[in-house]
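Trainee: Structure for this input, please:
(chains A, B, C and D)
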There are 2 protein chains.
Amino acid sequence: MEDQDPPAPAAFSPATADDVAALAGVSRWTVARAFKKDASISQKSRRKVMAAAEKLGYVPDLLAASLASDRSNLVALVLDDFENPHKLVMLERLTRVLSREGMGVLLVNMLGADAAGALLSASQRRVDAAVVIGTRFDDRLLAAALEARRVKQLIVFARTSAVPNTLSIACDDAVAMRAIADHLLAAGRRRPMFVAGPDSRSATLERKAAFLGHWRARTGRTPGVIHVAGYDAGSALAGVAGTLAGREGEAAPDALVCENDIIALGAIDALRYRLGLGVPERIAVTGFDDIPLAGAPAYGLTTFRQPITDMAKHLARILGGTGRGSVLLPGRLVVRTSA
Amino acid sequence: MEDQDPPAPAAFSPATADDVAALAGVSRWTVARAFKKDASISQKSRRKVMAAAEKLGYVPDLLAASLASDRSNLVALVLDDFENPHKLVMLERLTRVLSREGMGVLLVNMLGADAAGALLSASQRRVDAAVVIGTRFDDRLLAAALEARRVKQLIVFARTSAVPNTLSIACDDAVAMRAIADHLLAAGRRRPMFVAGPDSRSATLERKAAFLGHWRARTGRTPGVIHVAGYDAGSALAGVAGTLAGREGEAAPDALVCENDIIALGAIDALRYRLGLGVPERIAVTGFDDIPLAGAPAYGLTTFRQPITDMAKHLARILGGTGRGSVLLPGRLVVRTSA
DNA sequence: TTAATCATTGCTCGCGCGAGCAAAAACCGG
DNA sequence: CCGGTTTTTGCTCGCGCGAGCAATGATTAA
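Mentor: Coordinates of the predicted model:
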């Protein structure tokens, strides 16, 4: 007797719908219907099926289902920036909302802006849609990639998009930047500068354009711009410190409007620890995104919060069939101590 | 003539191996071989096939391949904590390394510690393995979930695991905490406290145990412990401020050893902005993970960096078939100004 | 030149399920 | 109890590909 080994779990082969059907005494398709909402099936058979399924530990195989139908209930989330903690917040919301709708999330790292490769690997898994969440990627790059490898649907998240055949779900940057500009004006700031990331050619200059445009409209003057070398705090620190070193009086800004929170934190550090300028006494600083650390007392960053949950819900609606076009959702200015 | 509309891209149906085979004048299986490394195929046919594939924009359908074989080349990454930016670093490394090996990443949000649900949705997509990256999840929970829904392989990442049939890839916490303790001792600190997260029952107490044990071994005294309410900076701030308020002299610690960087940042803020205690003059603070912001001048956090890339590579090796057991990789103490 | 050997190619069968329709069963008023 | 409905159930076919073997052609030793 060799009853020593436990029933080798490695050799276990999961139950199929046929197994359940046999046990429940119905056909395979009745089993399928039992697992489908709004299916035409009697309470009695559904109960029978569910009992049998429970006993066998059966769950429908989504892979086979994807192959048979042409929906995979899988969406690719394509990311090109893992330095901004705000991306993590987005991932959390998106995975939460999408999984509640029964959709899976394929996370794709868009290394070195290889949009084509990213969308390719997504399409190989038959994703229902690819959602691009990024700052660096270029619209033209995306358009080309979209043309070459057809993902059924391309959705640009947290940014507007000029790519045709593309939906965009974003927060209204123009409104946001106006709110920031008005807040600074109301606080008596008169010589702001905009601190942007390196990708001057990409669509992230939307915030920049909105801010500069609104400020000019209200004051007649166009603020200067600092481009830092990367979307990380270190680059922002170096860039801001380098640009502002030695500026005094009217040549020095009295506010820095930053493209996002990470850059803003770097800017604050540059002002305080490199230039010895008080924030907000001498220079006000604003960010964008409201990352978790923005609220830390060390920074107290005044920033703008995007309605991520609403955006995620809208995405789910689009993927679910309800919900139609691109949207621009309103966000909210979060005033803290930095401005 | 209605050549006005471009060939509707929506109706486009991707080429299959059969299409390529027809165009190249070979059989479907020769096409498959052309796309497989180390397959038995002549140079000539491979070139023919590749040319035809290029022309049709064919790429193998991984979904169908997964169904036919029993490898999906899909790995579930199960996360239960999206507040720690370090998780984003891990995601970046893991997606990068795994995608280079041809594996896809399914991101699963383990909401409310629902390990069973998370593993279930992973298994429904036939993942080759589920990689759990978390702080909150409980080993028993995991064991139960593993039992119920068999994922072929369960791998615990960045933590050791006592669950049977499980592999673990982690940094050696014991060595790490010893390094931190020794560093503090060398700097003359004598009354440290450990700042831990809320999950006293979970396996994250490994770091705590390692630190307390080593400190006791070297000094004969057991440091106190502060449990904060959550793994976020706000909770850490509140918890540390609340616990230390009013302590003076010998009753006050001269060092706070924190379970991770997020808690450490909250602790620093508590000391500086609530208690008015200088860091590191009055109290030294250490963290764990070396998140990007740890190096910001506002904090200058002394911390411990895990070898994420090596850990990811080891994971890829395990999934690829080479690479066998659990590992404990060495990390590195990063000394900055906070301790 | 012939049989043996090897590289290369083709094929049968099935992975687990869904769409869409046909068959069966249940229901209903007269 | 019957024809007409409506609900419920079953079935054929195929999604795109892989495992593993059989067949084909190429190559070599005898």
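
Trainee: so what's residue A:323 closest to, chain neighbours aside?
Mentor: Leaving aside its chain neighbours, residue A:323 sits nearest to residue A:317 (3.0 Å; criterion: Cβ to Cβ, 6 or more residues apart in numbering or on different chains). The way it works is simple: take the backbone N, C-alpha and C, and place the C-beta from them, glycine included.

Trainee: ok, and what's touching the helix or strand the one you found falls within?
Mentor: Under the criterion of DSSP states H and E, residue A:317 resides in helix A:308-320. Helix A:308-320 is contacted from outside by A:75, A:89-90, A:93-94, A:96-98, A:100-101, A:103, A:128-129, A:131, A:155, A:157-158, A:167, A:169-171, A:323-324, A:327, A:329, using Cβ atoms under 8 Å, 6 or more residues apart in numbering or on different chains.

Trainee: Show me which residues of the stretch 201-339 of chain A sit near DNA strand D.
Mentor: By Cβ under 7 Å from any atom of the strand, no part of the stretch 201-339 of chain A sits against DNA strand D.

Trainee: Where do the helices of the stretch 201-339 of chain A begin and end?
Mentor: Along the stretch 201-339 of chain A, the segments classed as helices by DSSP state H, counting those that start in this stretch run A:205-219, A:233-244, A:261-269, A:308-320.

Trainee: by contact count, what packs against the shortest one?
Mentor: Packing contacts for helix A:261-269, counted by 3 or more Cβ pairs under 8 Å, 6 or more residues apart in numbering or on different chains; DSSP states H and E, involve helix A:85-100, strand A:192-196, helix A:233-244, strand A:255-258, strand A:284-286.

Trainee: now these as CSV including mean neighbour count?
Mentor: As requested, the helices and strands packed on helix A:261-269 are arranged in CSV below (neighbours: other Cβ atoms under 10 Å in any protein chain shown):
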stretch, mean neighbour count
helix A:85-100, 22
strand A:192-196, 25
helix A:233-244, 21
strand A:255-258, 29
strand A:284-286, 28
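
Trainee: closest one to residue B:16 among the ones you listed?
Mentor: helix A:85-100 (28.6 Å; Cβ to Cβ).

Trainee: how about that closest one, does it reach chain B?
Mentor: Yes - applying Cβ under 8 Å from any Cβ of the partner chain, one finds helix A:85-100 touching chain B at A:85, A:87-89, A:91-92, A:95-96, A:99.

Trainee: rewinding a little: quick one, which of the helices and strands packed on helix A:261-269 gets closest to residue B:117.
Mentor: With Cβ to Cβ as the criterion, residue B:117 lies closest to helix A:85-100 of those, at 8.7 Å.

Trainee: Could you give the number of residues near residue A:111?
Mentor: For residue A:111, the neighbour count with other Cβ atoms under 10 Å in any protein chain shown is 14.

Trainee: so what's it closest to, chain neighbours aside?
Mentor: Using Cβ to Cβ, 6+ apart, the nearest residue to residue A:111 is residue B:96, at 6.1 Å.

Trainee: shaky segments in chain A?
Mentor: Along chain A, the parts satisfying pLDDT under 70 run over A:1-12, A:112-113, A:200-204.

Trainee: And the strands in the stretch 101-250 of chain A?
Mentor: A:104-109, A:129-133, A:154-157, A:166-171, A:192-196, A:224-227 (DSSP state E, counting those that start in this stretch).

Trainee: And the ones you listed: which comes nearest residue B:304?
Mentor: Closest to residue B:304 of these is strand A:104-109 (Cβ to Cβ; 25.2 Å).

Trainee: quick one: is that closest one near DNA strand C?
Mentor: No - applying Cβ under 7 Å from any atom of the strand, one finds strand A:104-109 out of contact with DNA strand C, separated by at least 14.4 Å.

Trainee: Pretty sure the residue nearest to residue A:111 sits against residue A:110.
Mentor: No - judged on Cβ atoms under 8 Å, residue B:96 makes no contact with residue A:110 at a distance of 10.3 Å.
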